[in-house]
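[1] pasting the structure only:
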């Protein structure tokens, strides 16, 4: 008898993820961090990066005609125009309390990239305040978070003055995602060109020079810091070593860029293929257990063996994008393998959403991630897996 292969019913799973995510709209300050059961964990504070990502998701859901999604997206836009916005200095706080008190006033490019993404999706979805949010976010990014070379400034002080002397590939990657969306929504193709420049520097330059093991951390002058956080290797946003999940995410973004920019260079496809190959070689089932490890060192050995849900979501989306672009059966095979992994290990059919972290034996864990903060990676990956590479999802769903 042939064993039944686990599969994800994408349409049903999207609705299930939204059911879980609704609970985050528990505070007027924004979308709360959710625990394993979908209950708001207010001890975690209200983070701008979560509120923006949830606003993006609910804007997409509204464009899919999900009944209450418009109100939930509007909830996020109101929070981003209110408690999370720094009316004095500009930009958005990193986090506030459930009652709107500022608890982290730093200004991070990572969070601001997601403000642009949320504003883009809310604008297309017709959410009140969405267009104003996008306009303001782009002005802040242009003025403060892109330097004269079009590269991303990672962090600023609360008053928007100089911040930490650090540059990061993660915030740059999400800025590429945000600028792709902003360019499609506003019609300003210069946004696409800026995104291409960021990718050319970090992927076609830095990653290629490092045999497609992309360093994540840099000085303010973009000198790689290979030992950064060696004493804290499982950090949520700045882990030590190379992160295979980001190689997968970059691979997909390069294909979106290729499908979007006016005259795409050949290296976009070539490097997308190389990044995917590198990620699967160093990250997949390297310790005799299925799944991608979180990080590897510069000798390609696993460091943090936890399996993060977002890595597998991005792997699924990247495999689907590569198959759509190349037609090669091997990528369809990877898409099936990753869909089976998601269905078997990550989908939490008892408590909802996806387990955010599994240990090296694919058992639920909470070493790096506590609870299930948001549904952005899972929701977006399920949509991307069956859709064209351009334009961005919000514009596609709007039927433009």
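    Sure thing, it's come through. As the structure is a prediction and not an experimental result, all values here were calculated from the model.
[2] What values do phi and psi take at residue 40?
    Main-chain torsions, residue 40, degrees, to the nearest 10: phi -60, psi 130.
[3] And the nearest residue to it once chain neighbours are set aside, how far from residue 70?
    Excluding its sequence neighbours, the residue lying closest to residue 40 (C-beta to C-beta, 6 or more residues apart in numbering) is residue 32, at 3.6 Å. (C-beta placed from N, C-alpha, C; glycine too.) In this view, residue 32 and residue 70 are 20 Å apart by C-beta to C-beta, to the nearest Å.
[4] Who has more neighbours out of these two?
    With neighbours defined as other C-beta atoms under 10 Å, residue 32 and residue 70 compare such that residue 32 has more, 25 against 20.
[5] now residue 390, nearest residue through space, not along the chain?
    residue 259 (3.8 Å).
[6] Check whether the one you found really touches residue 387, as I assumed.
    No. Contact criterion C-beta atoms under 8 Å: residue 259 and residue 387 do not qualify, at 11.3 Å.
[7] which element is the residue nearest to residue 390 on?
    helix 244-260 (DSSP states H and E).
[8] which residues touch the closest residue to residue 356 other than its chain neighbours?
    Once flanking residues are discounted, residue 356 sits nearest to residue 369: 4.2 Å by C-beta to C-beta, 6+ apart. Counting by C-beta atoms under 8 Å, 6 or more residues apart in numbering, residue 369 touches 236, 308, 356-357.
[9] related to what we said a few turns ago, and the gap between the residue nearest to residue 40 and residue 379?
    Distance from residue 32 to residue 379, by C-beta to C-beta: 17 Å.
[10] Quick one: classify residue 212 as helix, strand or coil.
    What DSSP: H, G, I helix; E, B strand; the rest coil gives for residue 212 is coil.
[11] Around it, count how many other residues there are.
    By other C-beta under 10 Å, 22 other residues sit near residue 212.
[12] nearest spatial neighbour of it, skipping sequence neighbours?
    residue 278 (4.0 Å).
[13] ok, now which ones touch that neighbour?
    211-213, 244, 247.
[14] go with 7 Å
    By C-beta atoms under 7 Å, 6 or more residues apart in numbering, the residues touching residue 278 are 212-213, 247.
[15] which among those gets closest to residue 86?
    residue 247 (34.0 Å; C-beta to C-beta).
[16] and residue 92, what are its phi and psi?
    Torsion angles, degrees, to the nearest 10, at residue 92: phi -130, psi 140.
[17] Specify the beta-bridge partners of it.
    Counting by DSSP bridges, residue 92 is bridged to residue 85.
[18] burial of it, as a residue count?
    26.
[19] pretty sure residue 37 is touching residue 348, no?
    No. The pair residue 37 / residue 348 is not scored as a contact, 9.6 Å apart, by C-beta atoms under 7 Å.
[20] of the two, who's got more company?
    Higher neighbour count among residue 37 and residue 348: residue 348, with 19 against 15, using other C-beta under 10 Å.
[21] Go ahead and confirm the more buried one touches residue 358.
    No. Under the criterion of C-beta under 7 Å, residue 348 is not in contact with residue 358, lying 10.8 Å apart.
[22] okay, and for the stretch 251-400 of the chain, where does confidence drop off?
    Along the stretch 251-400 of the chain, the parts satisfying pLDDT under 70 run over 400.
[23] all helices of the protein, in order?
    Taking DSSP state H as the test, the helices found in the chain are 10-21, 48-63, 69-81, 109-124, 130-140, 169-186, 190-199, 208-209, 244-260, 267-283, 309-326, 329-341, 376-384, 393-398.
[24] Now the ones you listed in a markdown table, please, with extra columns for distance to residue 228.
    Formatted as a markdown table, the helices of the chain follow (distance: least, C-beta to C-beta, whole Å):
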| stretch | distance to residue 228 |
| --- | --- |
| helix 10-21 | 33 |
| helix 48-63 | 20 |
| helix 69-81 | 30 |
| helix 109-124 | 16 |
| helix 130-140 | 27 |
| helix 169-186 | 11 |
| helix 190-199 | 20 |
| helix 208-209 | 17 |
| helix 244-260 | 14 |
| helix 267-283 | 18 |
| helix 309-326 | 20 |
| helix 329-341 | 29 |
| helix 376-384 | 24 |
| helix 393-398 | 33 |
